[in-house]
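In: Predicted structure and sequence below. I'll ask about it afterward.
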Amino acid sequence: AQEFVSAAKYGYLYQGQHYHWQQQPRGTPTWGLPPAAFVTFLQNHDQIANSVRGWRVHQLTSPGRWRAMTALLLLMPSTPLLFQGQEFAASSLFLYFSDARPEVTEQLRQGRRKFLEQFPSLATDQMQAQVPSPSRHDLFDRSKLDLAERDVGSHAEALALHRDLLLLRRRDPTFRAGQRRGAIDGAVLGPEALVIRWFDPYGLGDDRLLLVNLGVELRLSVAAEPLLAPPSADRRWRALWSSEEPRYGGQGTAEPETEELNWRLVGHAAIVMAPAPAVADEVRNPPGTV
């Protein structure tokens, strides 16, 4: 969870620290750069094609986790990148293909096998035998998008998810103003849970919270993280948006903050919170009513 918080706040994770995998320092300091200078993504052509199967991220995780990570991607202050068809959870794979001379094609195939050996699960003889020649035309054909998918089933739900998040990013004044350096802060709430807070640039307390829980349901009977505090004593947090909305294929979401349980974060979900008057409960449920 800390990696996601740091990425949201600083753009790059490695800004000169030692990187164990490459056994050398990685990155350079980026202090002072605006968030728009950083491109953030869940997947790109390198990550998907430089595997053996060409599976996309939504095919490698649960629907709930994928929706939650999509919310983090599209609301973070940095510039989001969507890889072809990601916005409607395209069913087509993206495989490694090339149209080159035969001698170059063989060099590409051998180079790919060597590259994949750095991953233990792909270094086995069984998986190495699955690495196809990049010149196979069917690899190109299987990587084409079927745009008709956008309007049906879970693909239409995924498209609605992306559209709503991009509209929230563009139209919500706090999110829109939050696309600047120092506009957010974040903290880890659990092994797979985090909170990002966007601060109202006008000082009126119209902040936003993004709660992301990629693990099992988390209950915080003690909420010692200051970022969870409402902007003022006469307000409390209310859900503004949830990745578990039925229109996205979700199962619905109850209010995360309750007087009985304090904070309850459902698993595999992301929720945007906005402040509302604390008297809302009394108006909706007057004394003596259910």
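Out: That came through, no problem.
In: For stretch 6-16, output the C-alpha coordinates as PDB.
Out: Taking C-alpha atoms only, stretch 6-16 is exported to PDB below (Å, rounded to 0.1, in the frame of the first residue of the first chain):
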ATOM      1  CA  SER A   6       4.100   7.400  -2.500                       C
ATOM      2  CA  ALA A   7       3.400   7.200  -6.200                       C
ATOM      3  CA  ALA A   8       0.300   9.400  -5.700                       C
ATOM      4  CA  LYS A   9       2.300  12.000  -3.800                       C
ATOM      5  CA  TYR A  10       5.600  12.000  -5.600                       C
ATOM      6  CA  GLY A  11       5.200  10.600  -9.000                       C
ATOM      7  CA  TYR A  12       8.200   8.300  -9.200                       C
ATOM      8  CA  LEU A  13       9.000   5.800  -6.400                       C
ATOM      9  CA  TYR A  14      12.700   5.700  -7.100                       C
ATOM     10  CA  GLN A  15      14.500   9.000  -7.200                       C
ATOM     11  CA  GLY A  16      18.000   7.900  -6.600                       C
END
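In: who's in contact with Asp200?
Out: 174, 177, 206-207, 231 (C-beta atoms under 8 Å, 6 or more residues apart in numbering). All C-beta spots, glycine's among them, are computed from the backbone N, C-alpha and C.
In: hang on, I meant Pro191
Out: 1, 215.
In: I'd like the distance between it and Leu218.
Out: Using C-beta to C-beta, to the nearest Å, Pro191 is found at 9 Å from Leu218.
In: do Arg247 as well
Out: Separation of Arg247 from Leu218 (C-beta to C-beta): 25 Å.
In: Those two: which has the busier surroundings?
Out: In this view Arg247 and Leu218 are compared by other C-beta atoms under 10 Å, and Leu218 has more residues nearby, 18 against 10.
In: how many neighbours does Val212 have?
Out: 27.
In: Which residue is the nearest non-sequential neighbour of the residue nearest the centre of the chain?
Out: The residue lying closest to the centre of the chain (C-alpha atoms, centre = their mean) is Met69, at 2.3 Å. Using C-beta to C-beta, 6 or more residues apart in numbering and skipping the chain neighbours, the partner closest in space to Met69 is Leu42 (5.9 Å).
In: repeat for Lys9
Out: The spatial neighbour of Lys9 that comes closest, neighbours along the chain excluded (C-beta to C-beta, 6+ apart), is Gly186 at 5.9 Å.
In: and what of Asp185?
Out: Leaving aside its sequence neighbours, Asp185 is closest to Arg197 (5.4 Å, by C-beta to C-beta, 6+ apart).
In: related to what we said a few turns ago, where's the residue nearest to Met69 relative to Ala254, distance?
Out: Counting by C-beta to C-beta, the gap from Leu42 to Ala254 is 27 Å.
In: ok, the two, which is more surrounded?
Out: Leu42 (20 against 12).
In: which secondary structure element contains the more buried one?
Out: Assessed by DSSP states H and E, Leu42 sits outside every helix and strand.
In: Correct me if wrong: it contacts Val57.
Out: Yes - taking contacts as C-beta atoms under 8 Å, Leu42 lies within contact range of Val57: 5.1 Å.
In: got any residues that touch both of those two?
Out: With C-beta under 8 Å, 6+ apart, Leu42 and Val57 have common neighbours 69, 86.
In: other SSEs contacting the biggest helix by length in the chain?
Out: Ordering each helix of the chain by length in residues (DSSP state H) puts helix 153-171 first. Judged by 3 or more C-beta pairs under 8 Å, 6 or more residues apart in numbering; DSSP states H and E, helix 153-171 is in contact with helix 63-75, helix 173-177, strand 235-242.
In: so what does the longest one touch, helix or strand wise?
Out: Read that as helix 63-75. On a contact count with 3+ C-beta pairs under 8 Å, 6+ apart, helix 63-75 meets helix 153-171, strand 208-213, strand 269-277.
In: Good, we can wrap up now.
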